[in-house]
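Participant: structure for this input, please:
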Amino acid sequence: MNNLKTSIPWRALTLLGAFLLIWIIFTATTGGTFVTPRNLSLLLRQMSCTSILAIGMVLVIVCAEIDLSVGAMTGFLGALSAILVRENAGRSASKNARIKARKKDKKQTSTIFSEH
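Facilitator: Predicted coordinates for the structure are as follows:
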């Protein structure tokens, strides 16, 4: 009888209960849009980067090699990625503008030559 009481994983059940409670609250407050496939897909996509970092940190902590530079490196790489995306977006926009200008010039020159 004593083994039955200690074999129930209360921490896991409490965590599962809290998770279900939060799920029900979000579903009720959003009118059901929380559980739509699109929203769940977006949530999984947004959590993927954090999940990968968390798995790496778990491995580091389990090996007793606690490394505090992971957060700093994540912040640095996030800022660097934002800068590179911004610069490449500007280049592609200017490249598209140049392509449109060339097409416009070609149309104008073709109409000039077709008139004569």
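Participant: specify the local secondary structure of L15.
Facilitator: Under the three-state scheme (DSSP: H, G, I helix; E, B strand; the rest coil), L15 adopts helix.
Participant: quickly note the distance from S41 to I24.
Facilitator: Relative to I24, S41 is positioned 20 Å away (C-beta to C-beta, to the nearest Å). C-betas here are computed from N, CA, C, even on glycine.
Participant: sorry, that was for G75
Facilitator: Taken as C-beta to C-beta, the span from G75 to I24 is 35 Å.
Participant: what about the helices in this structure?
Facilitator: 2-6, 10-29, 37-62, 69-115 (DSSP state H).
Participant: adding mean neighbour count and mean pLDDT, write the ones you listed out as CSV.
Facilitator: Below are these laid out as CSV (neighbours: other C-beta atoms under 10 Å; pLDDT from 0 to 100):
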stretch, mean neighbour count, mean pLDDT
helix 2-6, 7, 57
helix 10-29, 10, 94
helix 37-62, 11, 87
helix 69-115, 10, 74
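Participant: could you pull up phi and psi at A64?
Facilitator: When read as degrees, to the nearest 10, the backbone of A64 gives phi 60, psi 30.
Participant: that one: how many residues sit nearby?
Facilitator: 6 (other C-beta atoms under 10 Å).
Participant: who's in contact with it?
Facilitator: If a contact means C-beta atoms under 8 Å, 6 or more residues apart in numbering, then A64 has no contacts.
Participant: pLDDT score assigned to it?
Facilitator: pLDDT for A64: 76.
Participant: now do stretch 46-64: distance to the chain's middle.
Facilitator: Counting by C-alpha atoms, centre = their mean, to the nearest Å, stretch 46-64 is centred 15 Å from the centre of its parent chain.
Participant: what does stretch 73-88 give?
Facilitator: 14 Å.
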